[in-house]
Every structure is written in structure tokens, then in C-alpha cells.
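Peer 1: Need the 3D shape of this:
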Amino acid sequence: MKFQLFIISIFAQLVMACGSDDQQNNNSTTSSDADYLVKIFDGDDDYIGQQTGYATPDGEIVIPIGKYYYCYTDKFETYAIVMDENATCYAIDRNENVLYNIFWYDNGPDYVSEGLFRIVVEGKIGYADATTGEIVIEPQFSCAYPFEDGVAEVTYDCTSEQMDEHKIWNSNDWFFIDKQGNIVED
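Peer 2: Predicted coordinates for the structure are as follows:
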């Protein structure tokens, strides 16, 4: 097992050294290489449902395999996206404090759009920065779409209607915000 973790750690270092455009799983910042954890897993391939955890680049296990149902973040610097056994997806900091829930989109955590992703606190939707995990726009919206062309469509008053396997949001009060949370006039 130690040898397997060592090999996984070396492979992860090589992959990360080559760079990645996958913002969802690679929370890259300018911190030193010793200041991050890498996702480890028990098995030959990484897939949802497989036991995962986090270790230092040299293989020291910090978050044991299996503590969380699944770990989404490959390179854990300031925050990581994890899922518990109840299928709740949330962000944790390096001390494993829960920062906020991640908005669940389709079959997984919300995707990054224009550097931001949707989060949920006390049933309200806001936005967090994909690089740092910091909340950029406080959760306050009943419904909120991803950013596109610098704006996101949001509302304070929304109902959700189930249509087959999907939900449809209905509101008469949609408006647009910019990446600072300011209302954008038409």
C-alpha cells in the first residue's frame, strides 16, 4: 500500500507539473509545492464511489482513504470539494471545517464558469472563486444560473418544478448581476 501511494504521489506530481485547465479539480494558487495535498485512491482507476483521501506529495496520509465518500479535488491547497455518505457535496478547508455546500448540478458539483461556481448556505445560492474557494457573492438568491459573458441571471423569488428527472426554475423577477454582485441594468 505504501509503495502504491508513493507511485500515485509521483504520478500526481508529474501530472500537476505539466499543468491542467481543469479548474474544477485543480485549485492552483501560487503557494509553495509543499503546501498542498494530492488526492489518493484505493484501486487502479479514479472513479466516483471509489475510496479516496488526501496525502502530502511525499505520501504521508493526511485525510485517510474512505473518510469522505468521494473527494473531487485533485490538488488540495486552500479548499477541497468532497462528498459525504449522504451525497451532500461541500467544501472543506485544510482543517476540514465545512465552508459551504456546493450547488448540485445534474450529476455532480457545480461546474466552474468564468472562474466562479455556485454554492449554497442555508438554502440560498451564492458564488465562490474557483481558485481560492473564497465566497465572492454572498448566498442570497433563491435561484441563480452560472456566469456567462460576465453576468449571471438570478432571482430572490423562485419556485422549482420537477420535469421528469430535471428541475425547472420559475420566477417573474429575474435580473442580472456582475461578478461583484452588482445589479446590471438592461
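Peer 1: hey, let's count contacts and neighbours off CA atoms from now on
Peer 2: Noted.
Peer 1: right, and V112 touches A130 too?
Peer 2: Yes. Using C-alpha atoms under 8 Å, V112 is in contact with A130, at 6.6 Å.
Peer 1: Helices along the chain, start to end?
Peer 2: 2-18 (DSSP state H).
Peer 1: picking that back up, ok, V112 and A130, which is more surrounded?
Peer 2: A130 (24 against 19; other C-alpha atoms under 10 Å).
Peer 1: wouldn't the more buried one be in contact with R118 here?
Peer 2: No. Look at A130 against R118 with C-alpha under 8 Å: they stay out of range, at 9.7 Å.
Peer 1: Now the residue nearest the centre of the chain: closest residue in space, sequence neighbours ignored.
Peer 2: Closest to where the C-alpha atoms of the chain average out (C-alpha atoms, centre = their mean) is I81, at 4.4 Å. Spatial nearest neighbour of I81, chain neighbours left out: A91 (4.5 Å); criterion: C-alpha to C-alpha, 6 or more residues apart in numbering.
Peer 1: Now do the one you found: how many residues are near it, please.
Peer 2: By the criterion of other C-alpha under 10 Å, A91 has 21 neighbours.
Peer 1: list the contacts for it?
Peer 2: Y79, A80, I81, V82, V98, L99, Y100, N101, I102, G133 (C-alpha atoms under 8 Å, 6 or more residues apart in numbering).
Peer 1: any idea how far C89 lies from A80?
Peer 2: 10 Å (C-alpha to C-alpha, to the nearest Å).
Peer 1: Please say which of the two ends up with more neighbours.
Peer 2: Using other C-alpha under 10 Å as the criterion, C89 and A80 rank with A80 on top: 28 against 24.
Peer 1: can you pull the pLDDT of the more buried one?
Peer 2: Reported pLDDT at A80 in the predicted model: 98.
Peer 1: Check M1 too.
Peer 2: pLDDT at M1 comes out at 41.
Peer 1: what do you get for T88?
Peer 2: At T88, the predicted lDDT confidence score is 94.
Peer 1: isn't it right next to N101, touching?
Peer 2: Yes. Taking C-alpha under 8 Å as the definition, T88 is a contact partner of N101 at 7.5 Å.
Peer 1: Domains in the protein, by residue range?
Peer 2: Listed by automatic domain parsing, the domain ranges of the chain are 1-96, 100-186.
Peer 1: Which residues lie in contact with the closest residue to C158 other than its chain neighbours in this structure?
Peer 2: Excluding the flanking residues, the one nearest C158 by C-alpha to C-alpha, 6+ apart is S171, at 4.8 Å. Contact analysis of S171 by C-alpha under 8 Å, 6+ apart lists T155, D157, C158, T159.
Peer 1: Repeat that for Y156.
Peer 2: Q140, F141, S142, C143, D173.
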